[in-house]
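*Asks:* Build the 3D model from these lines:
(one chain, ligands or ions: 1)
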Amino acid sequence: MLMSQKNIPSRRQFILKSGVLLGAGLMSAPLTSFSSERYKSWTVGEIMDTFISQVPNGPFEKTVDTIKIGSRDTVVTGVVTTMFTTMEIIQKAIALKANLIIPHEPTFFSGQDETDYLQDDPVFRAKYDLMEKHGITLWRNHDYVHRMVDDGVRVGVVGDLGWDEFYTPGNRILTIPKTNLRSLINHIKTKLGVPAMRYVGDLNQTCTKVLLLPGAVGGRLQITQIMEHRPDVLVCGESNEWETPEYVRAANEIGMKLSMIEIGHSASEEGGSEFVKNWLNENMPGLAVHHIPSRNSLQVF
Ligand SMILES: [Zn+2]
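*Replies:* Numbers count the residues shown, from 1 in each chain. Model (predicted):
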């Protein structure tokens, strides 16, 4: 008798059953072959394609999310997600035997990671050569994680800030319980592990309507979003000093209640790298994935 399609045990059921048998000592397969049966190994290209397949309109024709070193065909031994691929992050990846690094931001100091002018520079060479020597592949994931059905970076950052209950998917405005700017800064410092932040405004100003724009979205978008939503406070990653901070200062000078907080780029989006790690854990079971925060290059003194 033919089995109908739905009666054929799925691979997952088979694996679960095998696991039960193995656990009961009824199967003699060595653990190593069982492990490779249980978990698929992944190439860089398969990880990229799987991630991109759940991004509306992906793959994009124009994107900064390219492989900066290494190859799609590399079989992945482990993954490190982070904001910035510093020398320290590369060394940690090597120690963890992770040969795929997925940063959110550029590795070679400009948006497009152009390296033509850096070829003889010792700083560039140190980073590049260390990765090359250890067979590391680096795939930037910036555009794709931002353009998931709900921006994966914002989802991660909202979670890190402990604001899930105040968040409506897709919305940049969060209404948080009434606080003042001083307490809000302290909350963000604690939650994101940032020692100090720059701000514009009055520390005693009441804040409840928050415009959350992680990273560096640009002065024009920050200001037009302020104009559209009239929040109490803009919470952003960074801003050119001559753009939004001057707008917020001028707003205060004419008596408006408006403030802004600059978290710093790295910490403001690090939740997005944690999001990518969690996504890989869910979709690529058995793959070793580590999230390592890269912290801010700029110190405060
Ligand atoms: Zn970003």
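*Asks:* switch to C-alpha atoms for all contacts and neighbour counts from now on
*Replies:* Fine.
*Asks:* Which stretches in the stretch 151-300 of the chain count as strands?
*Replies:* Applying DSSP state E, counting those that start in this stretch to the stretch 151-300 of the chain gives strands spanning 173-180, 198-200, 206-213, 233-236, 259-262, 289-291.
*Asks:* List the contacts of residue 141.
*Replies:* 65, 66, 102, 103, 104, 105 (C-alpha atoms under 8 Å, 6 or more residues apart in numbering).
*Asks:* ok, 7 Å please
*Replies:* Taking C-alpha atoms under 7 Å, 6 or more residues apart in numbering as the contact definition, residue 141 lies against 65, 102, 103, 104.
*Asks:* Tell me how the protein divides into domains.
*Replies:* According to automatic domain parsing, the chain comprises the domains 44-148+269-291, 152-263.
*Asks:* any chance of those in JSON lines, plus distance to residue 300?
*Replies:* Below are those laid out as JSON lines (distance: least, C-alpha to C-alpha, whole Å):
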{"stretch": "domain 44-148+269-291", "distance to residue 300": "19"}
{"stretch": "domain 152-263", "distance to residue 300": "7"}
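*Asks:* any chance of these in JSON lines, with distance to residue 297 and mean pLDDT too?
*Replies:* As requested, the domains of the chain are arranged in JSON lines below (distance: least, C-alpha to C-alpha, whole Å; pLDDT from 0 to 100):
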{"stretch": "domain 44-148+269-291", "distance to residue 297": "9", "mean pLDDT": "97"}
{"stretch": "domain 152-263", "distance to residue 297": "12", "mean pLDDT": "97"}
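*Asks:* Out of the contacts of residue 141, name the ones that lie in strands.
*Replies:* Applying DSSP state E to the contacts of residue 141, the entries found in strands are 102, 103.
*Asks:* neighbours of residue 214, just the number please.
*Replies:* 27 (other C-alpha atoms under 10 Å).
*Asks:* Hmm, I typed the wrong one, I wanted residue 81.
*Replies:* 31.
*Asks:* Same check on residue 242?
*Replies:* 9.
*Asks:* Give the helix, strand or coil label for the closest residue to residue 276 other than its chain neighbours.
*Replies:* Leaving aside its sequence neighbours, residue 276 sits nearest to residue 81 (C-alpha to C-alpha, 6 or more residues apart in numbering; 7.0 Å). At residue 81 the chain is in strand, as set by DSSP: H, G, I helix; E, B strand; the rest coil.
*Asks:* what bridges to residue 81?
*Replies:* Assessed by DSSP bridges, residue 81 has beta-bridge partners residue 102, residue 291.
*Asks:* what sits against it?
*Replies:* Residue 81 makes contact with 101, 102, 103, 273, 277, 290, 291, 292, according to C-alpha under 7 Å, 6+ apart.
*Asks:* What distance do you get for the last one to residue 249?
*Replies:* Note on residue 292: its distance to residue 249, by C-alpha to C-alpha, to the nearest Å, is 36 Å.
*Asks:* With the first one instead?
*Replies:* When C-alpha to C-alpha is applied, the distance between residue 101 and residue 249 equals 40 Å.
*Asks:* In terms of packing, which of these two has more residues around it?
*Replies:* The neighbour count for residue 101 versus residue 249, taken as other C-alpha under 10 Å, is higher for residue 101 (27 against 17).
*Asks:* got a list of what that one touches?
*Replies:* 79, 80, 81, 137, 138, 139.
*Asks:* ditto for residue 167
*Replies:* By C-alpha under 7 Å, 6+ apart, the contact set of residue 167 is residue 174.
*Asks:* For the stretch 1-150 of the chain, just list every one of the strands.
*Replies:* 67-69, 79-82, 100-103, 137-139.
*Asks:* tell me which strands and helices the last one is in contact with?
*Replies:* Read that as strand 137-139. On a contact count with 3 or more C-alpha pairs under 7 Å, 6 or more residues apart in numbering; DSSP states H and E, strand 137-139 meets strand 67-69, strand 100-103.
*Asks:* Name every strand pairing with it and say which way it goes.
*Replies:* Strand 137-139 has the following strand partners under DSSP bridges: strand 67-69 (antiparallel), strand 100-103 (parallel).
*Asks:* sorry, back to before: going through the contacts of residue 101, which ones are buried?
*Replies:* Buried members of the contacts of residue 101, scored by 16 or more other C-alpha atoms under 10 Å, are 79, 80, 81, 137, 138, 139.
*Asks:* Pull the most distant pair out of these.
*Replies:* 81 and 137 (12.2 Å; C-alpha to C-alpha).
*Asks:* For residue 128, give its distance to residue 63.
*Replies:* For residue 128 relative to residue 63 (C-alpha to C-alpha), the value is 21 Å.
*Asks:* Kindly report the same for residue 92.
*Replies:* Taken as C-alpha to C-alpha, the span from residue 92 to residue 63 is 28 Å.
*Asks:* now stretch 224-239: how far from the chain's centre is it?
*Replies:* 21 Å (C-alpha atoms, centre = their mean, to the nearest Å).
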